[in-house]
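Student: output the structure for:
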Amino acid sequence: MEPIPLPSHIHYELLLQLLERQTMAAVGRQSPSQAQVHQLIITLRKALALQKQLEEDCERHHLPIEYRWSLNNLTTEQALSEAILSLQKE
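Tutor: Numbering: from 1, shown residues only. Below you'll find the predicted structure:
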C-alpha cells in the first residue's frame, strides 16, 4: 500500500508563526482585521489537531504516512522512478 500523503507539520508552524508574530502586529490591536487574523490562527490550530487525529487513526490501522514538503516532490519522485525503471530495462 502506498503511503498517505500529508503536509509536514512545519507548514502549520510556519503559518502560525507568521500570523502570530507579523500579521497580528501589522493589523494592530484595535483593528477590525485583528479578529479575522485571530480566527485564522484558531482555524490553523484546529487543522493541525485534526491532522494529528488522522495520523493516529492511520497508525492504529497500520496505514503508512508520508509527510510532504511540496507538491513538486511527487513529480520529482515519479520522474526519478521512471528514469530508474527505463535504465533497468536497457
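Student: how about the strands in the chain?
Tutor: Under the criterion DSSP state E, the chain carries strands at the ranges 4-7, 65-68.
Student: out of the ones you listed, which gets nearest to residue 48?
Tutor: strand 4-7 (9.2 Å; CB to CB). Where you see a C-beta, it was placed from the backbone N, CA and C, and this is true even at glycine.
Student: contact partners of that closest one?
Tutor: Under the contact criterion CB atoms under 8 Å, 6 or more residues apart in numbering, strand 4-7 has outside partners 51, 54, 55, 58, 63, 64, 65, 66, 67, 68, 74.
Student: tell me the pLDDT at the nearest residue to the third one once chain neighbours are set aside?
Tutor: By the measure of CB to CB, 6 or more residues apart in numbering, the closest residue to residue 55 outside its immediate chain neighbours is residue 65, 6.0 Å from it. In this model, residue 65 is scored at 95, pLDDT.
Student: before we move on, back to that, which ChimeraX command selects the buried ones in the contacts of strand 4-7?
Tutor: Buried residues among the contacts of strand 4-7 (16 or more other CB atoms under 10 Å), as a ChimeraX selection:
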select :51,55
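Student: nearest to residue 10, of the contacts of strand 4-7?
Tutor: residue 67 (8.8 Å).
Student: and the helix ranked longest in the chain, what does it pack onto?
Tutor: As assigned by DSSP state H, the longest helix anywhere in the chain is helix 33-60. For helix 33-60, the packing partners by 3 or more CB pairs under 8 Å, 6 or more residues apart in numbering; DSSP states H and E come out as strand 4-7, helix 9-17, helix 24-27, strand 65-68.
Student: now the longest one against helix 33-60, angle please.
Tutor: To tie it back to what came earlier, the one meant is helix 9-17. If you take axes from the mean of the first three to the mean of the last three CA atoms, to 10 degrees, helix 9-17 sits at 160 degrees to helix 33-60.
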